[in-house]
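Student: Build me a structure from this.
(one chain, ligands or ions: 1)
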Amino acid sequence: MSLAHSGPQLADALTIVRLSLHVFAACVWVGGQVTLGGLVPTLRREAPAALTGVARAFARLAWPAYALLIVTGFWNVAAVHASQASSAWNAVFWVKMALVVVAGAGTLAHQRATSASLRGAAAGVGTLATVGALVLGVALAG
Ligand code: HEM
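Tutor: Have a look, this model is predicted:
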């Protein structure tokens, strides 16, 4: 009887730290946007004066999370030996990088927009790109 395991394996300690930080930052960046987006109509109705302060407070959490995603993202690239990846993995990686840029640019444009329609459109583009980056991240993790 062979003792070799071919089923699920536990991740090693460094992989747990690396992916936990990446996924935690994604939770704050993505989850925060979705949650804040869902709360805005209620805030606008019940406490319109608080809206700007709440948005600024969220930005103070979201941008450090975005920075952590990029730092841990480079850590991921180094750890998975991306130079040996298949061309499909590389293609998905570069699409994900484009979505990460669009997510950041859309969120920045949303914060800076002066008209309501532009603000809404930028938020939509930013959130869609972020969710796309998340799904492609899961694909990259294999
Ligand atoms: C909006 C920004 C980002 C989001 C939401 C995001 C999300 C994710 C998620 C959810 C995973 C899957 C983790 C798992 O299943 O264990 C992942 C994996 C990965 N991400 Fe990101 N990510 C972002 C930015 C980045 C950046 C900037 C890079 C590269 C510089 C990057 C490189 C990777 C790589 C290489 C993996 C695979 C890791 C592995 O197989 O161990 N990500 N990402």
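
Student: Residue nearest the middle of this protein, spatially speaking?
Tutor: Among the residues of the chain, the one closest to the centroid is Ala26, at 4.0 Å (C-alpha atoms, centre = their mean).

Student: What pLDDT is listed against it?
Tutor: Looking at Ala26, its pLDDT is 98.

Student: again, but for Trp94
Tutor: For Trp94, pLDDT reads 98.

Student: on that earlier part again, how close does the residue nearest to the centre of the chain get to Leu108?
Tutor: Taking C-beta to C-beta, to the nearest Å as the measure, Ala26 falls 18 Å from Leu108. Where C-beta positions appear, they are placed from N, C-alpha and C, glycine not excepted.

Student: Name the residues of the chain found near the ligand, please.
Tutor: Counting by C-beta under 6 Å from any ligand atom, the chain comes close to the ligand at 19, 22-23, 26, 29-30, 69-70, 73-74, 76-77, 80, 100, 103, 130, 133-134, 137-138, 140-141.

Student: surely Ala123 meets Gly106?
Tutor: Yes - here Ala123 reaches Gly106: they are 7.2 Å apart, a contact under C-beta atoms under 8 Å.

Student: Who are the contact partners of Gly124?
Tutor: Gly106 (C-beta atoms under 8 Å, 6 or more residues apart in numbering).

Student: Now do the buried residues in the helix or strand harbouring Gly53.
Tutor: Element membership of Gly53, judged by DSSP states H and E, is helix 51-79. Applying a neighbour-count criterion of 16 or more other C-beta atoms under 10 Å, one finds 58-59, 62, 65-66, 68-69, 72-73, 75-76 buried in helix 51-79.

Student: now these as TSV including pLDDT and distance to Ala47?
Tutor: Below are the buried residues of helix 51-79 laid out as TSV (pLDDT from 0 to 100; distance: C-beta to C-beta, whole Å):
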residue	pLDDT	distance to Ala47
Phe58	96	15
Ala59	96	18
Ala62	98	20
Ala65	98	25
Tyr66	98	27
Leu68	98	30
Leu69	98	30
Thr72	98	35
Gly73	98	36
Trp75	98	40
Asn76	98	40
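
Student: Alright, calling it a day.
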